[in-house]
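K.L.:
Sequence plus the predicted model coming up.
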Amino acid sequence: MLVSVIVPAYNQAKTIRKDILNIYDSMVSTNYDFEIIVVDDGSTDETFKRVKSIEKEGLKATRYLRNMGKGYAVKHGMKMSKGDLVAFIDSGMDINANGISMIIEHMKWYDADIVVGSKRHPASKVLYPPIRKLYSFGVQMLVKLLFRIKIRDTQTGLKVFKRKVLEDVLPRLTVKKFAFDIELIAVADYLGYKRIFEAPVEITKDFRSKSVFQGFLFFDPYVRSFFYDMLGVFYRMYILKYYANENRKNWIKD
């Protein structure tokens, strides 16, 4: 079985080399055949140069000049991938790369269509203050209300998919930035891929260092854009029926 790992990166020159080597070592420990695809999302620093300096079998790097957003980068990498399972993990050294082997094992245990890393899994190790937990709970409730998805965290940057799921879902996706993860999971669920499970993650980023208002409701421009994108997914799914097979001719080609 071949596992593809997509790593989107934007201006991560300081950490990208260590990121990739950690991911590589983690994949070697799984004994699966694997490829790592790093997608430079229009970085203005030396991110791509640092990646190209790493000489490891199975490591591929691609780039484009304009910053398009994480969703676009992940989708671009997924289109290049050849794996039976396709994972993606954020760069930046926040998420412990050993979590990749954990989510792959969860795929086997549950015969899952999708496994998502979850900050809210009981076994996860995350420095997570009450205000962020409240925000996460609010997002979970809204996602459950809008899309009837039962998982507790859609936004952690570690996920793995069966190839068949991506082949069915990717051509329908439109979100390039903020709510890409939700669109990907919601459309998969909408198409009948219901075996979606959570796995624990270890995140070193200290969420407690953030301001009380940063990331909370509409005080943060990112959060506003995220909610607008999420409502757009709802509108396309239930009002326009955009994601339905019958609407294939209108899917955006990119």
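P.N.:
The structure has been received and is ready for your questions.

K.L.:
Excluding chain neighbours, what is closest to the residue most central in space within the chain?
P.N.:
The residue lying closest to the centre of the chain (CA atoms, centre = their mean) is G157, at 4.4 Å. Nearest residue to G157 in three dimensions, chain neighbours excluded: D90, at 3.1 Å (CB to CB, 6 or more residues apart in numbering). Glycine gets a C-beta too; all of them are placed from N, C-alpha and C.

K.L.:
How far does the helix or strand harbouring Y228 sit from its chain's centre?
P.N.:
Element membership for Y228 (DSSP states H and E) is helix 221-234. Chain-centre distance of helix 221-234: 16 Å, with CA atoms, centre = their mean, to the nearest Å.

K.L.:
ok, and for that helix, which residues are buried?
P.N.:
223, 226-227, 229-230, 232-234 (16 or more other CB atoms under 10 Å).

K.L.:
I'd like those written out as TSV, with distance to E198 and pLDDT added.
P.N.:
Below are the buried residues of helix 221-234 laid out as TSV (distance: CB to CB, whole Å; pLDDT from 0 to 100):
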residue	distance to E198	pLDDT
V223	22	76
F226	20	84
F227	22	87
D229	22	91
M230	19	92
G232	25	95
V233	20	96
F234	22	96
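
K.L.:
Specify the local secondary structure of V38.
P.N.:
strand (DSSP: H, G, I helix; E, B strand; the rest coil).

K.L.:
Touching, it and I20? I think so.
P.N.:
Yes. Between V38 and I20 a contact is recorded at 6.5 Å, counting by CB atoms under 8 Å.

K.L.:
can you tell me which residues contact the nearest residue to E35 once chain neighbours are set aside?
P.N.:
Distance criterion CB to CB, 6+ apart; nearest residue to E35, sequence neighbours excluded, is G58 at 4.7 Å. By CB atoms under 8 Å, 6 or more residues apart in numbering, the contact set of G58 is 33-36.

K.L.:
Ok, V38 next?
P.N.:
V38 makes contacts with 7, 9, 16, 20, 51, 59-62, 77, 91, as judged by CB under 8 Å, 6+ apart.

K.L.:
those helices in the chain, which residues are they?
P.N.:
16-28, 47-52, 70-80, 99-110, 130-147, 163-169, 180-190, 221-234 (DSSP state H).

K.L.:
Against which helices or strands is the fourth one packed?
P.N.:
This means helix 99-110. helix 16-28, strand 85-89, strand 114-118, strand 158-162, strand 196-200 (3 or more CB pairs under 8 Å, 6 or more residues apart in numbering; DSSP states H and E).

K.L.:
angle of that helix against helix 16-28?
P.N.:
Here helix 99-110 runs at an angle of 30 degrees relative to helix 16-28 (axes from the mean of the first three to the mean of the last three CA atoms, to 10 degrees).
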